[in-house]
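>>> Let's see this in three dimensions:
(one chain, ligands or ions: 3)
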Amino acid sequence: MSHLLPNVFTPGNLNNSPQLNEELQGSAYVQPDKQIQATTKKAYIETYGCQMNFSDTEIIAAQLAEIGFGFTPSENNADLVLLNTCAIRENAETKIWNRLKQLKVTKKSKPGLMVGVMGCMAERLKTKLLDQEQLVDLVVGPDAYRDIARLVEEVESGQKAVNVLLSREETYSDIAPIRLNTNGITAFISIMRGCDNMCSFCVVPFTRGRERSRDYQSIVQEAEDLFNQGYKEITLLGQNVDSYNFENCTFANLLEKVALINPLLRIRFSTSHPKDITDEVLFTMAKYPNICKFIHLPAQSGNSRILELMNRGYTREWYLNKINRIREIMPNCSISTDIITGFCSETIDEHQDTLSLMETVAYDSAFMFYYSERPGTLAARKYPDDIPESEKKRRLSEVIEVQQKLALNSNLKDIGKTFEILIEGNSKRSEKDWCGRNSQNKMVVFPKDNYPLKPGDYVTVLINQASTATLLGEIIS
Ligand code: SAH
Ligand code: SF4
Ligand code: F3S
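Ligands and ions are numbered 1, 2, ... in the order given. Got it, this is the predicted structure:
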């Protein structure tokens, strides 16, 4: 890989986590995988929120490179600081406000510094971001990244610049992302944008607009390019991948097209919606060994009345039938979920239904949150946010406790099994160990044992120990 930029730090491997929901910590841009002209102007980008935002940062970086920006790992060397933000819960936004306060101090010592806010919080708050701290110069929503060159030039000429227009068509399908935080092995590919679901608690339809699917040719091409560059795993991203549809190409059809690129290219995807995932998708997953046997299927609640208030479009029974169908078709498929505790009017009994759903499904992993009312959503307009925060948090701690037990049980069951692992790099704890994931998305750590292996290789590992978060094993071939 040749490029003229310094090879700067990687704060953790952010490509590792396929869930679309994880509130990833802010992290700076690193390591482009294509040649960029030597430049004098430097941008520093911090990304918050879900994998979709991380994927968008790679599009933003590509747009900035076009107008001659290089990238730096430190805000101190930057001419332009960008925060790609999340609005999913109140604390995601609080984090950004605190960060902006810090940047105000930086800007005092560096008056020419340009500060921009991108992403979902930019879309939600629009020009309010310009007023509040008298600091932000640039506000760009998720569908306006193509306009970034013009907007930055406006700021360079001393004005404030805003574009938060949402689009019904934009998919950035023709933009080759500059891969960030890359380990060179795993990468994200956005296959659609926006969401039409209107779950009553959720701000995403307001920050990312209407659902639209990207053309499948450009997705397959991007996946092929990545494979040719040495990448071994791609994660197809969308808020609701099961409703992907481009010129009659369904999500199942798309999965098949991508799986056929090469048996050595692993495919993951996120997020599936319980009301939309089809048997066709499950059979396609079962048919191709390189489609990973892992489904993130957020339940949100285990109670049908709450699910109705959430506007999720399914009941507890429907959800459990889906789980049975997955297990019938793919007995070795692991399943994860998202759970919200303390949604409007949730009773203790209804909360118990969530705990019992978790036990019944026996999730392998979960992302768990307490309900945070988001202005403008259906729930905020219709239902009082009437569960005290302390009670929401108490219910959350119960949910977390149950999930820790389930995750440990699930991992203990893997002792004695062998898995094919894609090596991603050194384990965090020791350079003597590799780490990588199995098809079921479990992280596996094992000694290198003098085998001539490298990141990107597949290896068979026998599991001999397990904790809540990790499997430990040894190479057997
Ligand atoms: N499109 C995905 C993910 C959306 S956001 C899906 O439908 O699953 C990721 C997760 O954040 C959601 O699944 C939900 O569990 C959580 N979430 C969304 N809005 C929230 C809110 N207002 N309060 C708490 N958690 C929320
Ligand atoms: Fe939000 Fe529901 Fe869309 Fe997911 S499916 S992004 S939770 S509205
Ligand atoms: Fe993702 Fe947060 Fe937006 S979860 S879609 S960055 S609100």
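
>>> residues near residue 116, how many?
The tally of other residues near residue 116 (other C-beta atoms under 10 Å) stands at 24. Heads up, the C-betas are built off the backbone N, CA and C, glycines and all.

>>> All the strands of the stretch 351-477 of the chain, in order from the start?
Here the stretch 351-477 of the chain has its strands, by DSSP state E, counting those that start in this stretch, at 365-370, 418-426, 433-437, 443-447, 458-466, 470-475.

>>> Once you drop chain neighbours, what's closest to residue 403?
residue 366 (4.7 Å; C-beta to C-beta, 6 or more residues apart in numbering).

>>> can you tell me the helix or strand for residue 149?
Per DSSP states H and E: residue 149 is located in helix 148-156.

>>> no wait, residue 221
Assigned by DSSP H and E, residue 221 belongs to helix 216-228.

>>> and that helix, what's its mean pLDDT?
For helix 216-228, the mean pLDDT works out to 98.

>>> quick one: contacts of the helix or strand just after it?
Following helix 216-228 in sequence order, the next helix or strand is strand 233-237 (DSSP H and E). Under the criterion C-beta atoms under 8 Å, 6 or more residues apart in numbering, residues 15, 18, 20, 51-52, 55, 185-191, 219, 223, 226, 254-255, 258, 265-270, 292, 422 lie in contact with strand 233-237.

>>> could you redo the last one with a cut-off of 6 Å?
With C-beta atoms under 6 Å, 6 or more residues apart in numbering as the test, strand 233-237 has contacts from 18, 51-52, 55, 186-191, 223, 226, 266, 268-269, 422.

>>> Likewise for stretch 86-106?
With C-beta under 6 Å, 6+ apart, stretch 86-106 has contacts from 23, 48-49, 75, 85, 115, 120-121, 124, 133, 135, 203, 207, 372.

>>> check those against ligand 3, which are close?
With C-beta under 6 Å from any ligand atom as the criterion, those include 49, 120, 203, 207 near ligand 3.

>>> Which of the residues in the worst-scoring helix or strand of the chain on mean pLDDT are classified as buried?
In the chain, no helix or strand scores lower on mean pLDDT, DSSP states H and E than helix 128-133, which sits at a mean of 86. Neighbour-count burial for helix 128-133 flags 129, 130 (criterion: 16 or more other C-beta atoms under 10 Å).

>>> so residue 254 sits in a helix?
Yes - assessed with DSSP: H, G, I helix; E, B strand; the rest coil, residue 254 lies in a helix.

>>> tell me the contacts of it?
Contacts of residue 254 were listed using C-beta under 6 Å, 6+ apart, and they are 216, 244.

>>> if you set the cut-off to 7 Å instead, what comes out?
Contact analysis of residue 254 by C-beta atoms under 7 Å, 6 or more residues apart in numbering lists 191, 216, 219, 244.

>>> end to end, how far does stretch 116-133 reach?
12 Å (C-alpha to C-alpha, to the nearest Å).

>>> which residues are in contact with it?
Contact with stretch 116-133 is made by 49, 53, 56, 60, 80, 82-87, 93, 96, 100, 104, 136-142, 160, 162, 164, 203, 206-208, as judged by C-beta under 7 Å, 6+ apart.

>>> contacting residues for residue 288?
residue 259.

>>> And it, how far from ligand 2?
Using C-beta to the nearest ligand atom, to the nearest Å, residue 288 is found at 26 Å from ligand 2.

>>> so what's the backbone phi/psi at that residue?
phi -110, psi 120 (degrees, to the nearest 10).

>>> any idea of the pLDDT on it?
You'll see residue 288 listed with a pLDDT of 98.

>>> next one: residue 21
43.

>>> again with residue 102
94.

>>> Could you do the one 5 residues further on as well?
For residue 107, the model assigns a pLDDT of 91.

>>> For it, which non-adjacent residue is closest in space?
Leaving aside its chain neighbours, residue 107 sits nearest to residue 113 (4.9 Å; criterion: C-beta to C-beta, 6+ apart).

>>> For the one you found, what are phi and psi?
Backbone torsions for residue 113, taken as degrees, to the nearest 10, come to phi -60, psi 130.

>>> Make residue 1 into 27 and carry on from there
I'll keep to 27 as the first residue from here, and by that count the last item is residue 139.

>>> who's in contact with it?
By C-beta under 7 Å, 6+ apart, the contact set of residue 139 is 104, 105, 107, 132, 133.

>>> Please apply the same query to residue 290.
Applying C-beta under 7 Å, 6+ apart, the residues contacting residue 290 are residue 258.

>>> and if you look at the one 4 residues further on?
When contacts are counted by C-beta under 7 Å, 6+ apart, residue 294 touches 44, 259, 261, 318, 320.

>>> nearest to residue 341, of those residues?
Ranked by distance to residue 341 (C-beta to C-beta), these are led by residue 320 at 24.4 Å.

>>> do you know how far the nearest residue to that closest one once chain neighbours are set aside is from ligand 3?
Of all residues not flanking residue 320 in the chain, residue 467 sits nearest, at 4.1 Å (C-beta to C-beta, 6+ apart). Distance of residue 467 to ligand 3, computed by C-beta to the nearest ligand atom: 19 Å.

>>> what does residue 412 give?
Note on residue 412: its distance to ligand 3, by C-beta to the nearest ligand atom, is 24 Å.

>>> Quick check, residue 173 in contact with residue 188.
No - contact criterion C-beta atoms under 7 Å: residue 173 and residue 188 do not qualify, at 10.1 Å.

>>> Run a quick neighbour tally on residue 305.
The tally of other residues near residue 305 (other C-beta under 10 Å) stands at 13.

>>> In space, what's closest to it - neighbours in sequence excluded?
That would be residue 351: by C-beta to C-beta, 6+ apart, it lies 6.8 Å from residue 305.

>>> what's the neighbour count on the one you found?
Counted with other C-beta under 10 Å, the neighbours of residue 351 add up to 14.

>>> Over to residue 452?
For residue 452, the neighbour count with other C-beta under 10 Å is 15.

>>> which residues touch it?
Taking C-beta under 7 Å, 6+ apart, we find residue 452 in contact with 459, 460.
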